[in-house]
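Novice: Kindly generate the corresponding structure for this input.
(one chain, ligands or ions: 1)
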Amino acid sequence: MAQTKTILKALNGETQDVPPIWMMRQAGRYLPEYRATRAKAGDFLSLCYTPELAAEVTLQPIRRYGFDAAILFADILLVPQALGADLWFVTGEGPRLSTITTPGELAALKPVEDIHEVLSPVYETVKILSRELPVETTLIGFAGAPWTVATYMIAGRGTPDQGPAHALMQADVATFEALLARITAATIEYLSMQIEAGAEVVKLFDSWAGSLKGEAFAKYALAPAKEIIAALKARHPHVPVIAFPREAGENYIGFAKATGADCVALDNSVSPEWAAEHVQVDGCVQGNLASSHMVTGGQALVEETRRIVRAFSKGPHIFNLGHGITPDADPDNVQLMIDTVREGRR
Ligand SMILES: Cc1c2[nH]c(c1CCC(=O)O)Cc1[nH]c(c(CCC(=O)O)c1C)Cc1[nH]c(c(CCC(=O)O)c1C)Cc1[nH]c(c(C)c1CCC(=O)O)C2
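Specialist: Modelled structure (predicted):
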């Protein structure tokens with residue numbers, strides 16, 4: 001299918017003179033207009049569940065910078081909440097959830113068909129965005145990958161090494177796998193509804209894929225991604241999927257082919273030259289400037305941005321950071337990155 005939007009061209013395998021660009025967490029606390037809207041909403045979850053305000057913060061970085069893609073404003077932890085887990089955010093610390101570590105707690109979760117009750121405001125946000133975004137801007141929906149979502153559901157919070165999830169995998173693999181299966185099924189329905197509401201691309205965030213090694217990576221990062229992508233492709237064959245198995249290292253090689261993903265997003269722990277040779281050979285890649293450059297700026301930002309653009313210039317590429325932009329970033333550095341990426345544009 002011939003595409004006109006730059007993001008969709010890249011995902012369709014086209015090499016472009018200037019790569020399209022967007023940024024993970026582009027609607028976030030580094031922007032004063034985000035902080036103002038968030039204050040109006042009261043707290044982060046109210047912002048996620050108020051369609052007009054969630055759409056407003058999604059649009060803010062598009063207005064300010066003209067990114068090629070907008071990413072739906074929501075959170076990967078809304079799915080556990082929709083399955084019946086308690087969820088709240090502790091200021092300065094991060095998310096907290098009621099934990100699922102026993103067969104009884106797993107059985108108490110809601111059935112997958114009930115998730116839309118909680119998640120329907122998210123679909124409404126997507127609908128607003130598909131009306132209000134500029135015609136050239138691509139709308140990306142997303143969900144957390146089952147392993148990453150499970151690490152939060154098992155531990156009840158973020159953990160540096162995902163220890164509680166690895167421990168449950170060892171102690172009670174049946175409960176662990178049943179939880180993963182439940183999240184997988186919910187994710188398929190959630191992403192399908194986002195697509196039906198107007199998402200043009202979806203992205204799977206597996207932020208903690210790097211802590212899965214060998215066989216565990218194949219079973220709990222690769223296989224669930226493959227299952228979700230196959231189900232989505234059966235229902236929505238023309239909607240591209242971006243997979244982000246963060247810090248997968250050598251496991252980035254072949255990930256797109258093995259899962260059916262149209263693009264693999266890369267974190268900045270792999271060099272762009274290595275990734276061009278080993279990952280981009282299979283198709284589109286996204287990434288991978290270290291988000292610390294958005295804090296430090298200067299000539300180092302310019303040089304590293306040029307290096308990444310050059311390394312990926314022979315194949316399909318979407319420019320992005322290697323992880324989300326942080327609250328201490330300087331909005332001017334974001335503009336400098338964009339100007340540097342687009343400097344070759346004629
Ligand atoms: C692990 C994870 C979460 N959420 C997400 C992940 C996977 C990607 C990653 O690794 O960053 C994904 C996510 N979170 C958010 C989005 C929206 C789209 C985007 O702009 O990229 C996306 C795609 C908004 C958000 N999600 C969150 C914020 C900051 C909330 C705020 O305004 O205080 C945003 C903009 C909160 C959040 N949500 C989560 C954490 C650990 C935190 C940080 C808590 C904190 O910093 O106080 C869970």
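Novice: so is the closest residue to residue 41 other than its chain neighbours in a helix, a strand, or just coil?
Specialist: Using CB to CB, 6 or more residues apart in numbering and skipping the chain neighbours, the partner closest in space to residue 41 is residue 47 (3.8 Å). The C-beta positions use only the backbone N, C-alpha and C, and glycine is treated the same way. Three-state call for residue 47 (DSSP: H, G, I helix; E, B strand; the rest coil): helix.
Novice: Give me the neighbour count for residue 47.
Specialist: When counting by other CB atoms under 10 Å, one arrives at 22 neighbours for residue 47.
Novice: Report pLDDT for it.
Specialist: Listed pLDDT for residue 47 reads 98.
Novice: just checking, it touches residue 73?
Specialist: Yes - Residue 47 lies in contact with residue 73 (CB atoms under 8 Å); the separation is 7.3 Å.
Novice: so what sits against both of the two?
Specialist: Taking CB atoms under 8 Å, 6 or more residues apart in numbering as the criterion, residue 47 and residue 73 both touch 54, 57.
Novice: buried sites along the helix or strand residue 61 falls within?
Specialist: Using DSSP states H and E, residue 61 sits within helix 51-65. Within helix 51-65, the residues scored as buried using 16 or more other CB atoms under 10 Å are 51, 53-62, 65.
Novice: Stretch 325-336 too?
Specialist: Residues of stretch 325-336 classed as buried under the neighbour-count rule (16+ other CB under 10 Å) are 325, 329, 331, 333-334, 336.
Novice: Ok, stretch 285-302 next?
Specialist: 285-295, 297, 301-302.
Novice: Let me see the contact set for the one residue in the stretch 201-346 of the chain that gets nearest to the ligand.
Specialist: At 3.2 Å from the ligand, residue 207 is the closest residue in the stretch 201-346 of the chain, using CB to the nearest ligand atom. The contact partners of residue 207, by CB under 8 Å, 6+ apart, come to 144, 148, 244, 246.
Novice: count of neighbours near the first one?
Specialist: Right, residue 144. Neighbours of residue 144 using other CB under 10 Å come to 25.
Novice: Over to the second one?
Specialist: Residue 148 is flanked by 26 other residues according to other CB under 10 Å.
Novice: Off-centre distance for the helix or strand encompassing it?
Specialist: Here residue 148 is covered by helix 146-155, with elements defined by DSSP H and E. Chain-centre distance of helix 146-155: 15 Å, with CA atoms, centre = their mean, to the nearest Å.
Novice: now the helix or strand just after that helix against helix 146-155, angle please.
Specialist: Counting by DSSP H and E, the next helix or strand C-terminal to helix 146-155 is helix 163-171. With axes from the mean of the first three to the mean of the last three CA atoms, to 10 degrees as the basis, helix 163-171 and helix 146-155 are set at 100 degrees to each other.
Novice: how about the helix or strand that helix 163-171 is followed by, does it reach the ligand?
Specialist: Downstream of helix 163-171, the first helix or strand assigned by DSSP H and E is helix 173-197. No - Helix 173-197 lies out of reach of the ligand by CB under 6 Å from any ligand atom, never closer than 12.1 Å.
Novice: when you compare where helix 173-197 runs with where helix 146-155 runs, what's the angle?
Specialist: Using the same axes, to 10 degrees: helix 173-197 against helix 146-155 is 120 degrees.
Novice: Give me the helices and strands touching the helix or strand just after helix 173-197, please.
Specialist: Proceeding N to C from helix 173-197, the next assigned helix or strand is strand 201-206, under DSSP H and E. Counting contacts by 3 or more CB pairs under 8 Å, 6 or more residues apart in numbering; DSSP states H and E, strand 201-206 packs against helix 6-11, strand 138-144, helix 146-155, helix 173-197, helix 223-235, strand 241-245.
Novice: got the contact list for residue 242?
Specialist: Residue 242 touches 11, 140, 201-204, 261-265, 286, counting by CB under 8 Å, 6+ apart.
Novice: rerun that using 10 Å as the cut-off
Specialist: By CB atoms under 10 Å, 6 or more residues apart in numbering, the residues touching residue 242 are 7, 11, 69, 140, 142, 201-205, 256, 261-265, 284-286, 318, 320.
Novice: could you pick out which of those residues are near the ligand?
Specialist: Answer for these near the ligand (CB under 6 Å from any ligand atom): 142, 205.
Novice: Please, a ChimeraX command that selects the buried ones among the contacts of residue 242?
Specialist: In ChimeraX, this line selects whichever of the contacts of residue 242 come out buried by 16+ other CB under 10 Å:
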select :7,11,69,140,142,201,202,203,204,205,256,261,262,263,264,265,284,285,286,318,320
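Novice: Same list (the helices and strands packed on strand 201-206) but as a markdown table, adding mean pLDDT.
Specialist: A markdown table is the format used below for the helices and strands packed on strand 201-206 (pLDDT from 0 to 100):
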| stretch | mean pLDDT |
| --- | --- |
| helix 6-11 | 98 |
| strand 138-144 | 98 |
| helix 146-155 | 98 |
| helix 173-197 | 98 |
| helix 223-235 | 98 |
| strand 241-245 | 98 |
